[in-house]
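1. sequence isn't available, so here's the structure alone:
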């Protein structure tokens, strides 16, 4: 049987317990229908039942997280540095989302836009830091060079997102769109260049 990183799986999965404890404490104080989605202006634009948003969806996310981590380890991709970082994304996302929904519907004011943008910036910074390590053992210098450029793109996008927090919400949206398009175009270019390179 392929090696499964049970320790990392246990640690990342334990993050799901944070919102679970909060939900168990305040579930009875919440209305039957919750505000669950907000625009860049922090105005709620979508609702859902509290059972669906605070119990069912987090449970599905937990099961998917466990399945994904085991699948990655079985296919030997789980030990890649950037993938190991990626294993933390869903637990952190669900913890932040569930906790935010809980706090907002209990009457607390949160700047959702800033929370989301700051989280994305953090993910991009971490991914940018670990990307070059994915190909540390490769002999293709061009591949490593391209991976480093990709890392710089992610780090640059993260810095731009953080700076956008000091401006109107539309600035964050524009920065995110520009970064996403840039990342897609760059990935397509690297893929095309790799395809055109002679194979030995």
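-> Great, that's in hand. Keep in mind that what you see is a predicted model, and the values were worked out from it rather than measured.
2. okay, CA-based contacts and neighbour counts for the rest of this
-> Will do.
3. ranges for the helices of the protein?
-> Secondary structure of the chain (DSSP state H): helices at 6-14, 17-26, 50-51, 57-74, 81-86, 89-105, 112-130, 141-164, 169-196.
4. hey, least reliable of those helices by pLDDT?
-> For the helices of the chain, mean pLDDT drops lowest on helix 81-86, to a mean of 78.
5. and that one, what's buried?
-> Using 16 or more other CA atoms under 10 Å as the test for burial, helix 81-86 gives 81-84, 86.
6. what about the spatially closest residue to residue 66 that is not a sequence neighbour, how many residues nearby?
-> Closest residue to residue 66 in three dimensions, ignoring its sequence neighbours and counting by CA to CA, 6 or more residues apart in numbering: residue 9, at 7.1 Å. Counted with other CA atoms under 10 Å, the neighbours of residue 9 add up to 16.
7. was I right about residue 9 contacting residue 67?
-> No. The criterion here is CA atoms under 8 Å, and residue 9 misses it with residue 67 at 10.1 Å.
8. rewinding a little: to residue 33, which of the helices of the chain lies closest?
-> Closest of those to residue 33 is helix 50-51, at 5.8 Å (criterion: CA to CA).
9. skip the chain neighbours and tell me the closest residue to the residue most central in space within the chain.
-> The C-alpha lying nearest the average C-alpha coordinate of the chain belongs to residue 89 (CA atoms, centre = their mean; 4.3 Å). Computed as CA to CA, 6+ apart, the closest residue to residue 89 that is not its neighbour in sequence is residue 123, at 7.8 Å.
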